[in-house]
Structure formats: C-alpha cells, structure tokens
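Trainee: Show me how the following folds:
(one chain, ligands or ions: 1)
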Amino acid sequence: MAEENGRKVGAVLVVGGGVGGMQASLDLAESGYKVYLVESDPAIGGVMAQLDKTFPTNDCAMCTLAPRMVDCGGHLNIEKLTYSEIESVDGTAGRFTVRVRKKARFVDPNKCTGCAECVQHCLVRNRAYLERVETPELALLADELDGLRRIVEKYKGRKGAVVPVLQAAQELYNYLPETAVRYLSKELDIPLSLTYRLATFYNAFSLTPKGKHLLRVCMGTACYVKGGKRILRASQKHLNVDIGGVTADKEFGLETVNCLGCCGQSPVVTVDDDVFGYVRESRLPELIRSYR
Ligand code: FES
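Mentor: Sure thing, here's the model as predicted:
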C-alpha cells in the first residue's frame, strides 16, 4: 500500500477475522485502503464469539463483537475471504503477492440464508439414514405395527412433527425401541440422525425400557429437608432397584426429580401423573401396591 498525490493506493491483507482482525480491517478501510480479510473459519468473529464476558472489565463479549461484525460485513472496502487459507506470500514490502485458497463449502453463499436445513439433510451425518435399505428387517409384532401405522397415518406429510411423533411412540411403548424409531424414520422420511438427536436430548424420551409405572421422588430443597432422602432410600429398598432402574417385573421405574412445584406438601413423590404430598416411609408400600 502507498500514497500517491495524497491518495491511498494498493490493498492490505489482514489475516484472522477475530475482534483484532476486524478492528484493524475497519480502521484501514476507513482510512481509504482496500482490505482483504482472510479467515480460516467459515465466519468471522473468532474465539470472542464463544465468550460471555471479557476480563478485566466484565464487558459483554457479544456487545463488543457484534457492532464490528456488522460493520465489517457491510463495509464496501473490506472483502472477506472466509473459510480460506493463505498458501504463499511472495514479493517485498510494499508489493506482496498472496495466494489464498478458498475451501469448498458445498453451498452457494449467494443463496444461503443460514436456515440450517442442509444440516438436516447432510449426506455425511445421515449415512445411517441413507443406508437404511441395508439395515436388517424390522422385527415388529403385528399389534406394534398397528400402533405405529396409526402414528404414520396421523403425521404423514406434516412438517416439523418429529417431537409429537416421538411422543406418540413413547406413549405406545413407554420407551423408544430402536425398531420403532427406525420404522417411523423410514415411513415419515425423517432423518434418523434427527430422531436420535431429539430422543436423546429430551428427558421425556428414553431409549431404554421403562417400568409400567414411574415413581419419582422429589429431591428439591424443601423435600430434601423434609426427608426426601429417606423416602428415596425406602423406595429403593422396597422396589429393590437403583435410581434410574426398573424393577425385575418391569412394573416400576424409579427416578428422582428436583422440585415439582408443590413444596408446601413436601416430601413429595409422584407415580406417573399422580402427585402425593406429605409422604411417609410407612405409606410407601401401600402406595406402590395400589399401582401393581
Ligand atoms: S422441593 Fe419438592 S416439590 Fe418443591
């Protein structure tokens, strides 16, 4: 870069699109130079975008970063070369030639709206889904198939209904068997990766068998203070099962929960959707028996 008759000529290359690189690019662009900003990641922002607060001022990282990102993004004098690497630098001070390699994105950046739809249909992530024809035949019993068919009929063609589909299957089996998940994915054309992602993310879903009834003991502060731990121990002993486990006869699963919103009645337990307050250890056997 140089100055000719008071006019800035040439261009500047800034390496790294973090907060420092962006600020340098903005300063140079504002002073009249053409700036090439090279960033190896798919977007500018750098590590600061992952931070909440910054030391020592405790400033909000995003509040510092966002205005610079917006300014950089829209500045006519800054050409952003994201997802790019520098291959070689030749020449001497004042006249460098830089070779930059732009990595393939496999999306058209002019058409990309950042909707992330492509993530759902990624050919690499969804390999299991794409190869489903090679998976072993689904071993489903006739009555199971009936239930699943009803779910398929109800949700066929409805976009964004993955969670209700999984809820319906969970209701049917009380957990999500692999065969059922694969069947629903195939019939409703939902990527298997998406069903598994949701099934493992939400607490309401389980990929392992649950008991016919679920006993949950509240271990929130109020219940804990009022003897929640004792109730939990008594439940474990009476059902002969650990937390998260299922009884041998598959009748009861045991879990803990942190506050059910009725702390005034602590200690609290629930069996399925029924809530029981002021629970005493001595009442537990009778309570459990009433659900068997
Ligand atoms: S702590 Fe148990 S209901 Fe709130």
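Trainee: Return the residues in contact with the closest residue to the ligand within the stretch 1-150 of the chain.
Mentor: Relative to the ligand, the nearest point of the stretch 1-150 of the chain is residue 52 (29.1 Å; C-beta to the nearest ligand atom). Just so you know, the C-beta spots here come from the backbone N, C-alpha and C atoms, and that holds for glycine as well. Shown in contact with residue 52 (C-beta atoms under 8 Å, 6 or more residues apart in numbering): 60, 61.
Trainee: swap the cut-off to 7 Å and go again
Mentor: The contact partners of residue 52, taken as C-beta atoms under 7 Å, 6 or more residues apart in numbering, are residue 61.
Trainee: Then residue 122?
Mentor: By C-beta under 7 Å, 6+ apart, residue 122 has no neighbours at all.
Trainee: can you give me the helices in the protein?
Mentor: Along the chain, the segments classed as helices by DSSP state H run 19-30, 61-74, 117-120, 127-130, 142-155, 162-173, 178-188, 192-201, 221-225, 228-239, 284-289.
Trainee: Of all the ones you listed, which one is nearest residue 103?
Mentor: helix 117-120 (16.1 Å; C-beta to C-beta).
Trainee: excluding its backbone neighbours, what's nearest residue 252?
Mentor: residue 211 (4.3 Å; C-beta to C-beta, 6 or more residues apart in numbering).
Trainee: about what we covered before: same list, the helices of the chain, but as a markdown table with distance to the ligand, mean neighbour count and mean pLDDT please.
Mentor: Formatted as a markdown table, the helices of the chain follow (distance: least, C-beta to the nearest ligand atom, whole Å; neighbours: other C-beta atoms under 10 Å; pLDDT from 0 to 100):
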| stretch | distance to the ligand | mean neighbour count | mean pLDDT |
| --- | --- | --- | --- |
| helix 19-30 | 44 | 19 | 94 |
| helix 61-74 | 34 | 15 | 89 |
| helix 117-120 | 38 | 12 | 74 |
| helix 127-130 | 41 | 16 | 54 |
| helix 142-155 | 34 | 14 | 83 |
| helix 162-173 | 24 | 18 | 90 |
| helix 178-188 | 33 | 19 | 87 |
| helix 192-201 | 25 | 17 | 84 |
| helix 221-225 | 3 | 18 | 89 |
| helix 228-239 | 7 | 18 | 92 |
| helix 284-289 | 16 | 14 | 90 |
